[in-house]
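Undergrad: Task: produce atomic coordinates for the following.
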Amino acid sequence: MQKSPVSKPIVVKSADLPICCPPLHDAIWNAHPRVYLPIEDNPEHRAICPYCGAIYQMQ
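TA: Take a look at the predicted model:
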């Protein structure tokens with residue numbers, strides 16, 4: 001699967017945890033296998049989807 005560049009990070013809040021890609025409410029919910037991203041374990045509170053390259057940033 002080819003990764004497409006994402007122009008800016010998707011901002012999420014702690015209430016949104018756990019973060020999964022693609023998000024359940026997204027129109028492309030079946031674009032690739034759902035992956036849960038351990039954003040809270042990263043010191044920068046940032047996670048990148050290994051399938052599509054989407055960047056998630058916790059606020």
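
Undergrad: which residues does the nearest residue to residue 57 once chain neighbours are set aside contact?
TA: Computed as CB to CB, 6 or more residues apart in numbering, the closest residue to residue 57 that is not its neighbour in sequence is residue 9, at 3.9 Å. Just so you know, the C-beta spots here come from the backbone N, C-alpha and C atoms, and that holds for glycine as well. Neighbouring residues of residue 9 by CB atoms under 8 Å, 6 or more residues apart in numbering: 46, 55-57.

Undergrad: From the residues you listed, pick the one nearest residue 27.
TA: Nearest to residue 27 among the contacts of residue 9: residue 56, at 17.2 Å, using CB to CB.

Undergrad: Pairing partners for the helix or strand containing that closest one, with directions?
TA: Using DSSP states H and E, residue 56 maps to strand 55-58. Paired neighbours of strand 55-58 in the sheet (DSSP bridges): strand 10-12 (parallel), strand 46-48 (antiparallel).

Undergrad: List only buried entries from the contacts of residue 9.
TA: In terms of neighbour count (16 or more other CB atoms under 10 Å), the buried residues within these are 55-56.

Undergrad: Keeping just the C-alphas, turn the strand holding residue 56 into PDB.
TA: The C-alpha coordinates for strand 55-58 follow below in PDB (Å, rounded to 0.1, in the frame of the first residue of the first chain):
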ATOM      1  CA  ILE A  55       0.200  12.000  11.600                       C
ATOM      2  CA  TYR A  56      -1.700  12.200  14.900                       C
ATOM      3  CA  GLN A  57      -0.700  14.800  17.500                       C
ATOM      4  CA  MET A  58      -2.100  15.000  21.000                       C
END
